[in-house]
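K.L.:
output the structure for:
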Amino acid sequence: MSSTDSVDRSGSRPAGRRSRKTSKKKAASTKGLRGFFQDRRLHLTIYFAFILLVGLTGGGSRPDILSLLLLRPLAALFLIYIVWRISADELKAVRFPLLFIGSLMVIALLQLIPLPPVIWSSLPGREGVAQLDELFGMQDVWRPLSLEPSRTWNAFFSMFVPLVAVGFVGLLWNRERRWILPPILAMGVLSMVVGYLQALGADSLYFYRVTHGHHPVGLFANKNHQAVLLNWLLLTVCYMITRIDLRDRRASLRLASGLALVFLIYPLLFVTGSRAGLLLCAPVSVVCAVMLWQAPALNRAWQGSSRRVRLAITGLGGSVLAALAMVFGYLAITERQTALTRLFESDPADELRWIYLPKIFEMMRDHWLEGIGFGAFESVFYGYENVENLSTSYLNQAHFEPLQYVIETGLAGLLLLVAALVWVVRRLLRLWRAGDGKARILSVYLCGALGVWLIAGLVDYPTRTPLGQLVFAILTGFLAVSSIDLERHRKIG
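P.N.:
Predicted coordinates:
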């Protein structure tokens, strides 16, 4: 018997055997831990958890929302996980969206760098402060370019949410990318359900102190943002219907569920109280009709059904139209401040936007080169208000995202925005020209889905909320990886 196999009289193993056994246990433990973090199901679980976190805490745009104290640090932890796990190829797939968000963060940091008094005082909008400095003997004080540094810091940290969202899209492998949309679709359905409960009088389900009370705002604080989400949800449900696999045994169930969701979204849109959301519903419905016309499952269900089934489907459609007509009639004769009644009456908030629009253009004319600082619009706008227009109402945002974006970021932000729009158009055209039916439907969907948020930004600020940023960032990441997958498919073919 060799020394390594011997057992001492006490029955214990020699030290050498114990050390090898311990090292094996440590190796197995390390391998198990590494395997746990490399498990692809873990990536999906963390991705779902992040979406749920943003959905429950990121429905407002105000910087003083308490839930941000939870969202921002956790978003930073999610970002650390992505940086640890993502590879160079995965980064390349979502390179442009990450560069765009990263560039915005760099612009915000540059706006926080203190400038020499000579340079700072020569910039527009600094004359009053320069005079006070001279009066109190503070000519040597260095100040950052941002006129509201605390708001700029807030804008910088707000970029963590879209950065993590795009990172998760890149982190998912090809076969996992079918899970990109379902979690945010589920989050949209949750917001719809909460909206219905709010419409029925569940006042305890309003998540934010400053909100549109007595309106079904869902997970948001603003009824207009909920309306934008519902329009996007309508597009996404119709797109998911086009992806139903006819070989799936549950194809009929999924088709019925999708159509039921479509029928549930419309009535809530009408009672949300957003005029812009209701008007946006018209082009969204056209895009939905185009996608559903190409849906294989819907075409097969119609063509392969009996005359009785067709009559039932037609009757269901007629019943929905009749129900919508009843909703319109009810809203027309009641005095509730709903989207339908607002189409025919003035809104003080809307009037205030149009009154101040010349002042917003004046701000852009003064600050288009250097910008006033990310998030500084509200504070700087006070200096442009006319005395005769002062009231208890105020503009916390410009309600015109392109103008506010240029005012806050200057020429650098404008060039970045133009580059982003060119990138989006080129990617959409690449998908459309692929010639494949699925790629064309995808291009139609992404054009409509991204367009909903961009068009809404012409009269509001939906992408100033973390939840809006999350959805828009995931859509841009989805566009990026879809284009990459198309290029790989062409090379293989």
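K.L.:
rest of the way, CA atoms for contacts and neighbours
P.N.:
Fine.
K.L.:
which non-adjacent residue is nearest Glu378?
P.N.:
Excluding its sequence neighbours, the residue lying closest to Glu378 (CA to CA, 6 or more residues apart in numbering) is Asn396, at 5.0 Å.
K.L.:
show me which residues of stretch 96-116 are buried.
P.N.:
96-98, 100-102, 104-105, 107-109, 111-112 (16 or more other CA atoms under 10 Å).
K.L.:
for the longest helix anywhere in the chain, packing partners?
P.N.:
In the chain, taking DSSP state H as the definition, the longest helix is helix 401-432. Secondary-structure packing of helix 401-432 (3 or more CA pairs under 8 Å, 6 or more residues apart in numbering; DSSP states H and E): helix 95-110, helix 348-367, helix 377-381, helix 437-456, helix 466-492.
K.L.:
Thr409 is nearest to which of these?
P.N.:
helix 95-110 (7.2 Å; CA to CA).
K.L.:
so that closest one versus helix 401-432, what angle?
P.N.:
Taking axes from the mean of the first three to the mean of the last three CA atoms, to 10 degrees, helix 95-110 and helix 401-432 form an angle of 160 degrees between their directions.
K.L.:
which neighbouring elements make contact with helix 95-110?
P.N.:
helix 149-158, helix 160-171, helix 401-432, helix 466-492.
K.L.:
and the contacts of the shortest one?
P.N.:
Applying CA atoms under 8 Å, 6 or more residues apart in numbering, the set of residues contacting helix 149-158 from outside is 63, 72, 104-105, 108-109, 111-112, 146, 373-376, 466.
K.L.:
how about a cut-off of 7 Å?
P.N.:
Helix 149-158 has contacts (CA atoms under 7 Å, 6 or more residues apart in numbering) with Pro63, Arg72, Met105, Ala108, Leu112, Ser146, Gly373, Phe374, Gly375, Ala376.
K.L.:
thinking again about what came up before, find me the pLDDT at the residue nearest to Glu378, would you?
P.N.:
Per-residue pLDDT puts Asn396 at 81.
K.L.:
assign a three-state SS to it, would you?
P.N.:
The local conformation at Asn396, judged by DSSP: H, G, I helix; E, B strand; the rest coil, is coil.
K.L.:
what lies in contact with stretch 467-482?
P.N.:
Taking CA under 7 Å, 6+ apart as the rule, stretch 467-482 contacts 54-55, 58-59, 93-94, 97, 161-162, 165-166, 169, 450, 462-463.
K.L.:
and with 6 Å instead?
P.N.:
Val54, Gly55, Gly58, Gly59, Ala93, Val94, Pro162, Ala165, Val166, Val169, Pro462, Thr463 (CA atoms under 6 Å, 6 or more residues apart in numbering).
K.L.:
could you report the neighbour count for Gly457?
P.N.:
20 (other CA atoms under 10 Å).
K.L.:
now swap in Trp84 and tell me
P.N.:
Trp84, neighbours per other CA under 10 Å, totals 9.
K.L.:
also the one 5 residues further on?
P.N.:
Other residues within reach of Asp89, judged by other CA under 10 Å, total 11.
K.L.:
likewise for Trp142?
P.N.:
Count around Trp142 with other CA under 10 Å applied: 16.
K.L.:
and the closest residue to Val164 other than its chain neighbours, how far from Ile101?
P.N.:
Excluding its sequence neighbours, the residue lying closest to Val164 (CA to CA, 6+ apart) is Leu79, at 5.4 Å. For Leu79, the distance to Ile101 equals 13 Å [CA to CA, to the nearest Å].
K.L.:
same question, Tyr266
P.N.:
Applying CA to CA to Tyr266 and Ile101 gives a distance of 33 Å.
K.L.:
circling back: could you dump the helices and strands packed on helix 401-432 to a markdown table with distance to Ser87 and mean pLDDT?
P.N.:
Listed next are the helices and strands packed on helix 401-432 as a markdown table, based on distance: least, CA to CA, whole Å; pLDDT from 0 to 100:
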| stretch | distance to Ser87 | mean pLDDT |
| --- | --- | --- |
| helix 95-110 | 12 | 96 |
| helix 348-367 | 40 | 80 |
| helix 377-381 | 38 | 88 |
| helix 437-456 | 26 | 94 |
| helix 466-492 | 14 | 82 |
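K.L.:
including distance to His215, could these go into a markdown table?
P.N.:
Shown next, in a markdown table, are the helices and strands packed on helix 401-432 (distance: least, CA to CA, whole Å):
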| stretch | distance to His215 |
| --- | --- |
| helix 95-110 | 33 |
| helix 348-367 | 16 |
| helix 377-381 | 25 |
| helix 437-456 | 19 |
| helix 466-492 | 19 |
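K.L.:
quick check: closest non-adjacent residue to Gly59.
P.N.:
Nearest to Gly59 is Phe220, by CA to CA, 6+ apart, at 4.0 Å.
K.L.:
pLDDT below threshold where in the stretch 1-150 of the chain?
P.N.:
By pLDDT under 70, the low-scoring segments of the stretch 1-150 of the chain are 1-40.
K.L.:
all helices for it, in order.
P.N.:
15-38, 40-57, 68-85, 88-93, 95-110, 117-121, 127-136, 149-158 (DSSP state H, counting those that start in this stretch).
K.L.:
quick one: which of those helices is nearest Leu181?
P.N.:
helix 40-57 (10.5 Å).
K.L.:
CA atoms of that closest one as CSV?
P.N.:
Output of helix 40-57 as CSV, limited to C-alpha atoms (Å, rounded to 0.1, in the frame of the first residue of the first chain):
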residue,chain,number,x,y,z
ARG,A,40,-28.6,31.9,-20.1
ARG,A,41,-31.8,31.7,-18.1
LEU,A,42,-30.2,34.0,-15.5
HIS,A,43,-29.7,36.7,-18.2
LEU,A,44,-33.4,36.5,-19.1
THR,A,45,-34.5,36.6,-15.5
ILE,A,46,-32.4,39.6,-14.7
TYR,A,47,-33.6,41.3,-17.9
PHE,A,48,-37.2,40.7,-16.8
ALA,A,49,-36.5,41.9,-13.3
PHE,A,50,-35.0,45.2,-14.7
ILE,A,51,-38.1,45.9,-16.8
LEU,A,52,-40.4,45.3,-13.8
LEU,A,53,-38.2,47.6,-11.7
VAL,A,54,-38.4,50.4,-14.2
GLY,A,55,-42.1,49.8,-14.8
LEU,A,56,-43.0,50.2,-11.1
THR,A,57,-40.6,53.1,-10.3
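K.L.:
what residues of that helix count as buried?
P.N.:
Within helix 40-57, the residues that qualify as buried are His43, Leu44, Tyr47, Phe48, Phe50, Ile51, Leu52, Leu53, Val54, Gly55, Leu56, Thr57, counting by 16+ other CA under 10 Å.
K.L.:
how close does the fourth one sit to Val210?
P.N.:
Counting by CA to CA, the separation of Phe48 from Val210 is 28 Å.
K.L.:
before we move on, what about the third one?
P.N.:
Summarising the geometry, the distance separating Tyr47 from Val210, computed by CA to CA, is 29 Å.
K.L.:
same check on the second one?
P.N.:
Going from Leu44 to Val210 by CA to CA gives 34 Å.
K.L.:
out of the helices and strands packed on helix 401-432, which is closest to Gly258?
P.N.:
For the helices and strands packed on helix 401-432, proximity to Gly258 was assessed by CA to CA; helix 437-456 is nearest, at 15.6 Å.
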